[in-house]
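> I'll drop the sequence and a predicted model, then ask my questions.
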Amino acid sequence: MELSTWLLFLSIALLAIISPGPAVLLSVTNSLTYGFKKSVFSSLGNITGVFIVSSAAALGLGAVLQTSTLLFSTLKIFGAIYLIYLGIRQWKSKHDIFEKSIETSKYNQEKRESFVKGLLVAISNPKAILFFTALFPQFIDLSKPIMIQFIILTSTFMFFSFFVLVIYALTAHSAKYWFAKRNRTIWLNRISGTIFITFGLGILRLRNRSV
């Protein structure tokens, strides 16, 4: 892959990665709720989901989504319900984001939960599959080994997704004591919960324009 092609892909990918979305919000809320180290696991879950989604797009699932109203609607509803569920749970949470847990079992459970949340947020959004389906063909040269190009593009997206999510989480972590000092925990939970619900409702409004 030529450097100019890779740089063009990177610039487009960064625009998508930096834009705040469910993955960013999840990384921020996990950083504030469980601490920065545990938020890393939601970021790892997210890039694992990115790999699954990009692989699905490469295998043709994106094309199927574009032509199947039922499949598109099923994935859309699942993704929306999951985000709304996260939003309601966050909105109702009375969890003190500054409370420290010393129980190893709870720590491990929160790591697993964070990873699974990040994974599900990534794979339950039909927009992500359609994004990769539309993006990859523009940068893959059929006259060259396709698998190597796929690995380069996917690895690039995964690496910078993880990097950006960690930056968001670190920024949130540095601001957590500002929230603690002014006792804004409940309001933070409600605001982030409302945003999750808004993202979910936004997915419900998606239309499959190819059908």
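Sure, I can see it. Numbering: from 1, shown residues only.

> remind me, longest helix of the chain?
Ranked by residue count and defined by DSSP state H, the top helix of the chain is helix 146-181.

> stretch 119-127: end-to-end distance?
15 Å (Cα to Cα, to the nearest Å).

> report the mean per-residue pLDDT for it.
Stretch 119-127 shows a mean pLDDT of 81.

> does Lys38 really touch Asn30, like I thought?
Yes. The pair Lys38 / Asn30 is scored as a contact, 6.1 Å apart, by Cβ atoms under 8 Å. Every C-beta, even on glycine, is put in place using the N, C-alpha and C of the backbone.

> who has more neighbours out of those two?
Neighbours per residue, other Cβ atoms under 10 Å: of Lys38 and Asn30, the larger number sits with Asn30, 26 against 19.

> okay, and the helix or strand of this structure with the least pLDDT?
Using mean pLDDT, DSSP states H and E, the weakest-scoring helix or strand in the chain turns out to be helix 61-67, at a mean of 59.

> what touches both of Lys38 and Asn30?
Shared contacts of Lys38 and Asn30, defined by Cβ atoms under 8 Å, 6 or more residues apart in numbering, are found at Ser114.

> which residue is nearest the middle of this structure?
Closest residue to the average C-alpha location of the chain: Ala23 at 2.9 Å, with Cα atoms, centre = their mean.

> isn't that one right next to Ser161, touching?
Yes. Shown here, Ala23 and Ser161 form a contact pair, counting by Cβ under 8 Å, at 7.4 Å.
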